[in-house]
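Enquirer: Fold the following.
(chains A and B)
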Amino acid sequence: MLQLQVIRDKKDALIIALKKRNIDASPLLENVLQLDEKRRTTQSKLDNTLAESNKLSKEIGMLFKSGKAQEANILKEKTAGLKEDSKRLGDELNATAEELKSVLYQIPNIPNDLVPAGNTEDDNEEVYKEGDIPTLDTDALPHWELAKKYDIIDFELGVKITGAGFPVYKGKGARLQRALIAYFLDKNTEAGYSEIQVPHLVNEASGYGTGQLPDKEGQMYHVGADDLYLIPTAEVPVTNIFRNVILNESDFPICYTGYTPCFRREAGSYGAHVRGLNRLHQFDKVEIVRVEHPSSSYAALDGMVEHVKTILRELKLPYRILRLCGGDLGFTAAMTYDFEVFSTAQDRWLEISSVSNFEAYQANRLKLRFKDEKGKNQLAHTLNGSSLALPRVLAGILENYQTSEGIKVPEVLIPYCGFDIIN
RNA sequence: GGAGAAAUGGCAGAGUGGUCGAAUGCGGCAGUCUUGAAAACUGUUGAGGGUCACACCUCCGGGGGUUCGAAUCCCUCUUUCUCCGCCA
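Expert: Numbering: from 1, shown residues only, chains lettered A, B, ... in the order given. So this is what the prediction gives:
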């Protein structure tokens, strides 16, 4: 959520910046300012009424104490009208505040200056590319065929147990999956991220805190009986650790890494492009989350990007990095870098990581602040990224490492797997 | 799941209808003293709204109610603790 003060101060600049997302924010922002104005006048009317009623109450108290019940009762009558007024003004204030909040929730984050304009993923800007795309035999298979051939992932079994998009990993497939998780976590902790295990279900307040609610309500699985949501990413529980927290400057930087399964309804996406591991309802992911001082959040973002690079370099997977354009940028992000690995047999790029700076947008919802050197509370910046999302990394490994003898295991993973080929 | 107790500032812990945003202790910060540090002493120390700045308003787990007036009384939800039951 954007800060009211920022909207008040720089409305026109915000409208221009939000054009990159192809939205005309001016009606929304106007509405915000109008509601804010109304909120403040109502608030001040209410405050005055309450002040008067507080004053009378004190007088009544003193009169009763000094035995002047008669006079006190006269004053009591005067308070009746004030009570009605404050009730009415209070209701009005609440309604206005609610309305204001709901409009604020509809405004996405302001894209960073570096974010290119554009509508679709075709307008994303490739900023980096590394690794050689292997030349495969003509009979090379896509990963879902390989999974079947070597019996390491069973999609049909998942359909039987749960439904489409819930694969079952078997034997060396399961072991490879576990190896990847352990390897990612080790790399992250070596880089200074502390490992953490968090709940896989979150409450409504957490959903609002990181911005999944109300914007992406339909993307999360909701457990009605307990009113909880299955997490779509570890970002939600990990970042919400800091909801309603006031940090000291010396606490920065805060770096966490956690492995969790992720659950996404993916309503409306069907077809060939979601085959195999390309898009699932349940998948595993290792996430990195940082909380930073505003002055260093972009350095932190760069650091996260460099870190993810080292992992892909070690896995020897061909990848590229895109800076997302305004139209493709997530609702809450100010800037995002997507990592894509080349899936050779499918001849397409697969997104395997998304690293974002949310600046103060999430912090404003979370009320995540720190005391600056002047002792004033300021909003912190939050960031997160995948390091990495498992299924598509697995798809990339299976396809790019396939040989006529079987699928070779990337060297760095051999110690984690205990085998060097899947055949 | 059943029975009972509780929830107050960074922490501990007073406060059962009026001047309580809240005693006291610890911790934090600043100062005095000291070559420096410790100790001691002095002062200061929650958040939000509002204002040029004050004033003023709100917040004692969340929500609602009673009352001229609620941290204090009532209802409700949540959480924690104790006992019982169940259980990986």
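Enquirer: pLDDT at residue A:268, what is it?
Expert: pLDDT for residue A:268: 64.
Enquirer: Could you report the separation of the residue of the stretch 1-150 of chain A found nearest RNA strand B from residue A:67?
Expert: Closest residue of the stretch 1-150 of chain A to RNA strand B, Cβ to the nearest atom of the strand: residue A:61 (2.9 Å). C-beta coordinates here come from the backbone N, C-alpha and C atoms, glycine included. Distance, residue A:61 to residue A:67, using Cβ to Cβ, to the nearest Å: 13 Å.
Enquirer: Could you tell me which residues of the stretch 301-423 of chain A lie near RNA strand B?
Expert: Within the stretch 301-423 of chain A, the positions near RNA strand B by Cβ under 7 Å from any atom of the strand are A:369, A:371, A:377.
Enquirer: Top of those residues by number of neighbours, please.
Expert: Neighbour tally across these (other Cβ atoms under 10 Å): the maximum, 19 neighbours, falls on residue A:369.
Enquirer: low-confidence ranges in the stretch 101-250 of chain A?
Expert: Nowhere does the stretch 101-250 of chain A drop to pLDDT under 70.
Enquirer: which residues of it fall in helices?
Expert: Counting by DSSP state H, counting those that start in this stretch, the segments of the stretch 101-250 of chain A that form helices are A:143-149, A:155-161, A:171-190, A:204-210, A:235-239.
Enquirer: out of these, nearest to RNA strand B?
Expert: With distances scored as Cβ to the nearest atom of the strand, the stretch of the helices of the stretch 101-250 of chain A nearest to RNA strand B is helix A:204-210 (10.0 Å).
Enquirer: what comes into contact with the closest one?
Expert: Here helix A:204-210 makes contact (Cβ atoms under 8 Å, 6 or more residues apart in numbering) with A:213-214, A:220, A:227, A:229, A:235-237, A:239-240, A:243, A:332, A:362, A:365-366.
Enquirer: Take those and keep only those in strands.
Expert: Secondary structure from DSSP state E places residue A:229 of those in strands.
Enquirer: just the contacts of helix A:204-210 now: which is nearest residue A:339?
Expert: Closest approach to residue A:339 among the contacts of helix A:204-210 (Cβ to Cβ): residue A:235, at 15.9 Å.
Enquirer: Can you name the residues that contact the closest one?
Expert: If you count contacts by Cβ under 8 Å, 6+ apart, then residue A:235 has A:210, A:287, A:289, A:384 around it.
Enquirer: How about the second one: what's its closest non-neighbour residue?
Expert: Which is residue A:287. Setting aside the residues directly before and after it, residue A:287 is nearest to residue A:234 in space (Cβ to Cβ, 6 or more residues apart in numbering), at 3.9 Å.
Enquirer: burial of the one you found, as a residue count?
Expert: Number of residues near residue A:234 (other Cβ under 10 Å) recorded here: 26.
Enquirer: mind checking how far it is from RNA strand B?
Expert: Relative to RNA strand B, residue A:234 is positioned 21 Å away (Cβ to the nearest atom of the strand, to the nearest Å).
Enquirer: now residue A:327
Expert: 32 Å.
Enquirer: and the closest residue to that residue other than its chain neighbours, how far is that from residue A:26?
Expert: Sequence neighbours aside, residue A:119 is the residue nearest to residue A:327 in space, at 4.1 Å (criterion: Cβ to Cβ, 6+ apart). Going from residue A:119 to residue A:26 by Cβ to Cβ gives 19 Å.
Enquirer: And residue A:125, by the same measure?
Expert: To residue A:26, residue A:125 is 27 Å away according to Cβ to Cβ.
Enquirer: ok, and for stretch A:308-326, which residues are buried?
Expert: For stretch A:308-326, the neighbour count (16 or more other Cβ atoms under 10 Å) marks A:308-309, A:311-312, A:315, A:317-326 as buried.
Enquirer: List the contacts of residue A:275.
Expert: Counting by Cβ under 8 Å, 6+ apart, residue A:275 has contacts A:142, A:144.
Enquirer: for the residue of the stretch 1-150 of chain A closest to RNA strand B, phi and psi?
Expert: phi -60, psi -50 (degrees, to the nearest 10).
Enquirer: State the number of residues packed around it.
Expert: A count of nearby residues for residue A:61, using other Cβ under 10 Å, gives 11.
Enquirer: For the closest residue to RNA strand B within the stretch 101-250 of chain A, list the residues it contacts.
Expert: Of all residues in the stretch 101-250 of chain A, residue A:246 sits closest to RNA strand B, at 6.3 Å by Cβ to the nearest atom of the strand. Residue A:246 makes contact with A:369, A:370, A:371, A:377 under the criterion Cβ under 8 Å, 6+ apart.
Enquirer: Pairing partners for the first one in the sheet, please.
Expert: For residue A:369, the beta-bridge partners under DSSP bridges are residue A:246, residue A:379.
Enquirer: Pretty sure it sits against residue A:381.
Expert: No: here residue A:369 does not reach residue A:381: they are 11.1 Å apart, not a contact under Cβ atoms under 8 Å.
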